[in-house]
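Engineer: Build me a model:
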Amino acid sequence: MIGNRKQNPAVVVVRDAETIGAALRQALETAGAEERPGLERALAVVADAAGASDAELRGSWAGRRIRAAGHQGPLDAVAAVKALREAEPGLSLLQAVQLSKEAAATEAA
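Structural biologist: Below you'll find the model as predicted:
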C-alpha cells in the first residue's frame, strides 16, 4: 500500500548516562572540597537526562537544530520543518514533521 510503509528513525538515541554517571561517581570519591559541588551537580544533570524518554531526547535535539537554523517561531510550524530539513538534509519530510512535533511537545513540557 502506498504511504503505509514504516520509516526508519532518522535520529537514533544513544544512552550512555550509566557510564557517565559511574565515571562521575568515581571522580566524586576522590574529589577535593572545591570540586565536589560541581561533580554533584553533574550527577544530578545525568540523572535527569537518564529519565528522559527517547521522544524527549529527539525533541530536544530537533529543537536545538531548528533554533540554530534561525527559526524563532513555533517548533511545529511549517517554517520549523523547513529549517530542520535545511539543517539536516538527510531527513525525509515525514521524519522532519515528526521531529518538529516532538520538539514542540518537549518545549511545552
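Engineer: Name all residues that make contact with residue 109.
Structural biologist: residue 56 (CB atoms under 8 Å, 6 or more residues apart in numbering). Every C-beta, even on glycine, is put in place using the N, C-alpha and C of the backbone.
Engineer: If you count neighbours, what's buried in stretch 51-69?
Structural biologist: Neighbour counts over stretch 51-69 (16 or more other CB atoms under 10 Å) mark 52, 55-63, 65-67, 69 as buried.
Engineer: Tell me which helix or strand residue 34 sits in.
Structural biologist: Per DSSP states H and E: residue 34 is located in neither a helix nor a strand.
Engineer: At which residues are the helices of this structure located?
Structural biologist: Secondary structure of the chain (DSSP state H): helices at 17-29, 36-50, 54-68, 78-87, 93-108.
Engineer: Determine which of those helices approaches residue 11 most closely.
Structural biologist: Closest to residue 11 of the helices of the chain is helix 54-68 (CB to CB; 5.0 Å).
Engineer: export the closest one as PDB, just CAs?
Structural biologist: Listed next in PDB are the C-alpha coordinates belonging to helix 54-68 (Å, rounded to 0.1, in the frame of the first residue of the first chain):
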ATOM      1  CA  ASP A  54      13.500   8.800  23.600                       C
ATOM      2  CA  ALA A  55      10.900  11.200  22.200                       C
ATOM      3  CA  GLU A  56      12.000  13.900  24.700                       C
ATOM      4  CA  LEU A  57      15.700  13.500  23.700                       C
ATOM      5  CA  ARG A  58      14.900  13.600  20.000                       C
ATOM      6  CA  GLY A  59      12.600  16.600  20.500                       C
ATOM      7  CA  SER A  60      15.300  18.400  22.400                       C
ATOM      8  CA  TRP A  61      17.900  17.700  19.700                       C
ATOM      9  CA  ALA A  62      15.400  18.800  16.900                       C
ATOM     10  CA  GLY A  63      14.500  21.900  18.800                       C
ATOM     11  CA  ARG A  64      18.200  22.900  19.100                       C
ATOM     12  CA  ARG A  65      18.800  22.200  15.400                       C
ATOM     13  CA  ILE A  66      15.700  24.300  14.400                       C
ATOM     14  CA  ARG A  67      16.700  27.200  16.700                       C
ATOM     15  CA  ALA A  68      20.300  27.000  15.500                       C
END
